[in-house]
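Q: Sequence first, then the predicted structure:
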Amino acid sequence: MNISQIIVRPVLTEKSVGGTTGGKYTFVVHQDATKIDVKNAFHELYGVTVTDVNVLKGMPKYRFGKGRRLMEKKHLTRRAVITLKKGEKLDISKLKTIK
């Protein structure tokens, strides 16, 4: 798996933005990515030292649609909460160039 495919997008909610003061950032990651893959991807792409990675799995939700067909209302997601080394900050808009 390519490093640029591991991190999908940041999660920008009230709770996740509030955790940035403690050095915790939340991102949606690829379904097959492991904690080690996420840690290495952040080190390569952003140049930060990750001390801890917690992975959360969001289950899909279904409802019945027209004709009693099952429709997917919420997709399967996988989030990673990363903790940076004390004193480091992450600027989401600035990526390092990969050689």
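A: Cool, the structure landed. Numbering: from 1, shown residues only.
Q: so I36 is in which element?
A: Using DSSP states H and E, I36 maps to helix 35-46.
Q: list the helices and strands that helix packs on?
A: With contacts defined as 3 or more CB pairs under 8 Å, 6 or more residues apart in numbering; DSSP states H and E, helix 35-46 has these neighbours: helix 3-6, strand 7-10, strand 50-58, strand 77-84. Placement of C-beta: from N, CA and C, glycine included.
Q: Off-centre distance for the first one?
A: Shown here is helix 3-6, whose average C-alpha point lies 11 Å from the average C-alpha point of the whole chain (CA atoms, centre = their mean, to the nearest Å).
Q: Can I get the helix holding I36 in CSV, CA atoms only?
A: Output of helix 35-46 as CSV, limited to C-alpha atoms (Å, rounded to 0.1, in the frame of the first residue of the first chain):
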residue,chain,number,x,y,z
LYS,A,35,-1.0,1.1,13.5
ILE,A,36,2.6,0.8,12.3
ASP,A,37,1.6,1.9,8.8
VAL,A,38,-0.2,5.0,10.2
LYS,A,39,2.8,5.9,12.4
ASN,A,40,5.2,5.6,9.5
ALA,A,41,3.0,7.5,7.1
PHE,A,42,2.8,10.5,9.5
HIS,A,43,6.6,10.4,10.0
GLU,A,44,7.1,10.4,6.2
LEU,A,45,4.4,12.8,5.1
TYR,A,46,4.5,15.4,8.0
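Q: And T21, how far from T13?
A: Note on T21: its distance to T13, by CB to CB, to the nearest Å, is 15 Å.
Q: nope, S4 is what I was after
A: 24 Å.
Q: Name the residue closest to the centre of this structure, please.
A: F27 (2.1 Å; CA atoms, centre = their mean).
Q: and the helix or strand containing it, how far out from the chain's middle?
A: Under the criterion of DSSP H and E, F27 resides in strand 24-29. Averaging C-alpha positions (CA atoms, centre = their mean) puts strand 24-29 3 Å from its chain's average.
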